[in-house]
Structures are given as structure tokens and as C-alpha cells.
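> quick one: sequence and predicted model below, then my questions.
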Protein chains: 2
Amino acid sequence: MEAILATAQPRDSGIDAIASATRRLVDAITRAGDAIDVDADRILADLDALTGRIDARAPDLSERIATMWRQPGPGRFDPAGGTENPLSPPVSLWVEPDGSLRGEVTLRLAFQGPPRHVHGGTSAMLMDHALGIANARAGYAAVTVGLNVSFHAAIPIGTPITILARHDGRDGRKVRSSGELRVGDLTCVTATGTFVLIDDPSARKFRRPSSEQA
Amino acid sequence: MEAILATAQPRDSGIDAIASATRRLVDAITRAGDAIDVDADRILADLDALTGRIDARAPDLSERIATMWRQPGPGRFDPAGGTENPLSPPVSLWVEPDGSLRGEVTLRLAFQGPPRHVHGGTSAMLMDHALGIANARAGYAAVTVGLNVSFHAAIPIGTPITILARHDGRDGRKVRSSGELRVGDLTCVTATGTFVLIDDPSARKFRRPSSEQA
């Protein structure tokens, strides 16, 4: 049985490759810190030149937003799990035989909160994201109304984190899901979420991949 | 009376300027989307060359972490509010006369969740960050153990968001704080957090600015 990807399939070319390269740039910048100050003016000039070239190709913002939400399949631009978004940690979530989701991610220095450990807000973001996708997999287009995150153990940076999420049920217009972040066998973060159904299911991230709808 | 900044003072040079320039690059990339695919190979080569140059200046990771946590003043590298961190939205928080915190931030396309609106996980991250700083201002070095976020209204991207946070009290080793995100007079997100005191107060983000300790 082939594994089913609940999130966007990363590409190794075009905008996805540029997003990956930008993540490597961010990684280098955060590791360098003020050690790059001596070369800062030249790096700045090169960065600004690159931004200018990309800007020149960018459509109008409203056109871009309209286009991005017409794309088939799961969202590619989320700040959590977006293959096209350089801010997003590269999170892929797979559908387990029981319908729940599982994924893995390793967070670098840029996601540090306390020394050598992942920022609590980053964990909360990963949970919000995974819980929303779990609802989408269950067929519900919904947005978060309540998110409850408990932190049981600190998560080291540079260590594979397992993300688990499941849809727990529906009451009227509200749907519930829950999830956790694990390092090995240790449950570090647990979360429950309440979501409310939305009337506009055109939001791409809330739909199943078009390959499965066919 | 001069306003007191509870977060790091952004610099307009060196690593802070490079982080800002990288935020502009991310902004251009997310606005361009696959419109940059035609020029992707050259952009990739330029990005990788830049990363290589910065990498060559970066110290060993453990040396970098040791150095960054010896810096005086509020943390400069957080994924929320870190002036040196390109992933971080540029959030500054100021101390109000009653000791609570207030700041303003505008989030760009890269922080979009639902169409034209801020990702719930980003709001959760901003709240976790602000609640932690509110505790630090009250003199408590603490890490998040519980975060409860309620979403009352969607926050548009490209709109100034007011961040409010306050320390609410201490019970033994636990401290509590709360906060909200507003757009104009509309309260869009509210949050409460429970934090536990840590024994190692060397974590810089948990201390008051050294200028105030003198």
C-alpha cells in the first residue's frame, strides 16, 4: 500500500528549491551571528540585488493571493509546512492506516527559544498546523477557535521530532482534534484544538489532494 | 519619561540589517511564487553562493550557542521578536506605565494561513513570546508549560496588529500571564499562559536589559 501524503509534495526545482535554499541561508545567518558583521555591507548589497530581481518578477499582491488559492492540492505556502515558504520548517504529514497523521521534522538554530531547545511558540505553531490538517483529512474545512498546548519536556534543536495528529469528532459546527510532538518515545508537547467549520471551502489547504478526489 | 523597550533594540547595521534584508527577500519570494521558476537556476546559484560565504564565517554551532547566550540584554535571536533572526516578525514590546507590555507588528504574506489572514499558529507564537517577556519583566525566569489561545476574529495580513501582554501572578513555582492581539479596537486573539520558574537564569531572554540593571 502506497503511503498517502496529507501535505503538499515538495518539488526539487523552481520555487520549492528556492525556498529550501533560503532556509539554508537563514540557517547560515543565524549560525554566523555578528561574525558576518565584517562583511555585512557586501552581503547586504547582494541580498538586496537578489530581492530586486525577484521583486521584478512578482505579480501584484492581490493577483498572487488569488492565484495561490486556485492551486489544486494542499496549501504550498503556509508558514508551517509550506513547501514554497522559506519561513516554514519542512514538515510533511502522512496518513496512517487509522486515518491519523504522522510526520517528522528537525528544527535548526533559528527555531531556538531557551538555550539549545525549541521555542514554545514554534511547537504551538506546529500543533496548530497539524491539528488543522487532521480536520481537513476528515473532510472538514475549518479554522482554529481554540488551541490548548501543554509542554511536558523541552525539545532539543537538531533532533528529529515526530508529529502526531488526529481528528477527534464533530459537535454541530465545531470540530475537535488533538496531537503531540515526540522525541523518540518521550512525549514533549500535547495539544487539543477546537475548530469551527467555514462556509468557504475554496481555501486550498482545507481540501484533500486533487489526486485523491479524482 | 522615556519609553522602556522590553525586547532587544534593533540595529540598522550588521547582522540585524542582514536579518531585515532577508525578511525582504522572503517577502519577495512568497509574493513571486512560481513566477520566479523561469529564473530559478540563476537565483539558486546566487543564493547558494551567498550561503557559502556566510557559512565560511560561521563559528562552530556549540561555540555560537555559548556566545549568543552570554550576550547582555534581551535575546536577539528568538524566532519571535529576534532582531538577528530572519524568521522572526519584527516585534518590539514596550513597557506601559502599569508594567504591562505593548507592541505593534504587521505580518506579510509569508505569515498567511487562511486566505488573506494570519495563520493561527503565528498568532499563538506571538502570544507565547509576549507572555514570556511579560513574566521576565516581572522578574521571573520561566518557561511555558501551558498555553491557551482563543481566536475571536481573523487578523488580516498587511494590517498593524497591537500586541498586549501582562504578568498576572505567581503560585509557588508557577507564574501566570495573559495577553491579546488587537486590530484597531477589535480583540482578535486572547491567550493565557502558565510558566514554571527555571533554575538557570543565565538564559538571556529571561533577564531585564543590562542598562536597567546597572
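Ah, there it is.
> what residues does stretch A:177-193 touch?
If you take CB atoms under 8 Å, 6 or more residues apart in numbering or on different chains as the criterion, stretch A:177-193 is touched by A:101, A:123-124, A:126-128, A:130-132, A:134-135, A:144, A:146-156, A:159-168, A:176, A:195. The way it works is simple: take the backbone N, C-alpha and C, and place the C-beta from them, glycine included.
> how long is that stretch end to end?
5 Å (CA to CA, to the nearest Å).
> buried residues in that stretch, which are they?
The neighbour-count criterion (16 or more other CB atoms under 10 Å in any protein chain shown) identifies A:177-183, A:188-193 as the buried residues of stretch A:177-193.
> out of those, flag the one nearest to residue B:44.
residue A:181 (31.5 Å; CB to CB).
> and that closest one, what pLDDT?
On the pLDDT scale, residue A:181 is placed at 98.
> tell me which helix or strand it sits in.
According to DSSP states H and E, residue A:181 maps onto strand A:174-183.
> and the next helix or strand past that strand?
By DSSP H and E, the next helix or strand past strand A:174-183 is strand A:186-197.
> taking the mean pLDDT, what do you get for that following strand?
So the average pLDDT for strand A:186-197 ends up being 97.
> show me where chain A has helices.
For chain A, the helices defined by DSSP state H occupy A:14-32, A:40-57, A:61-68, A:120-137, A:210-213.
> so which of those helices is the most surrounded?
Comparing the helices of chain A by mean neighbour count (mean count of other CB atoms under 10 Å in any protein chain shown), helix A:120-137 comes out on top with a mean of 29.
> CA atoms of that helix as PDB?
C-alpha atoms of helix A:120-137 as PDB (Å, rounded to 0.1, in the frame of the first residue of the first chain):
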ATOM      1  CA  GLY A 120       7.400  27.100  22.700                       C
ATOM      2  CA  GLY A 121       5.700  29.200  20.100                       C
ATOM      3  CA  THR A 122       7.200  27.100  17.300                       C
ATOM      4  CA  SER A 123       5.800  24.000  19.000                       C
ATOM      5  CA  ALA A 124       2.400  25.700  19.300                       C
ATOM      6  CA  MET A 125       2.500  26.600  15.600                       C
ATOM      7  CA  LEU A 126       3.400  23.000  14.500                       C
ATOM      8  CA  MET A 127       0.500  21.700  16.600                       C
ATOM      9  CA  ASP A 128      -2.000  24.300  15.200                       C
ATOM     10  CA  HIS A 129      -0.900  23.300  11.700                       C
ATOM     11  CA  ALA A 130      -1.100  19.500  12.200                       C
ATOM     12  CA  LEU A 131      -4.500  19.700  14.000                       C
ATOM     13  CA  GLY A 132      -5.900  21.700  11.100                       C
ATOM     14  CA  ILE A 133      -4.700  19.200   8.600                       C
ATOM     15  CA  ALA A 134      -6.200  16.300  10.600                       C
ATOM     16  CA  ASN A 135      -9.600  18.000  10.400                       C
ATOM     17  CA  ALA A 136      -9.100  18.600   6.700                       C
ATOM     18  CA  ARG A 137      -8.300  14.800   6.200                       C
END
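> and residue A:170, what is it in contact with?
A:140, A:176.
> again, 7 Å this time
Contact analysis of residue A:170 by CB atoms under 7 Å, 6 or more residues apart in numbering or on different chains lists residue A:140.
> again, but for residue A:130
A:93, A:101, A:163, A:165, A:179.
> in JSON lines: the helices of chain A, plus mean pLDDT.
Below are the helices of chain A laid out as JSON lines (pLDDT from 0 to 100):
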{"stretch": "helix A:14-32", "mean pLDDT": "96"}
{"stretch": "helix A:40-57", "mean pLDDT": "95"}
{"stretch": "helix A:61-68", "mean pLDDT": "94"}
{"stretch": "helix A:120-137", "mean pLDDT": "95"}
{"stretch": "helix A:210-213", "mean pLDDT": "36"}
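> in JSON lines, list those along with distance to residue B:89.
Converted to JSON lines, the helices of chain A look like this (distance: least, CB to CB, whole Å):
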{"stretch": "helix A:14-32", "distance to residue B:89": "14"}
{"stretch": "helix A:40-57", "distance to residue B:89": "17"}
{"stretch": "helix A:61-68", "distance to residue B:89": "17"}
{"stretch": "helix A:120-137", "distance to residue B:89": "11"}
{"stretch": "helix A:210-213", "distance to residue B:89": "32"}
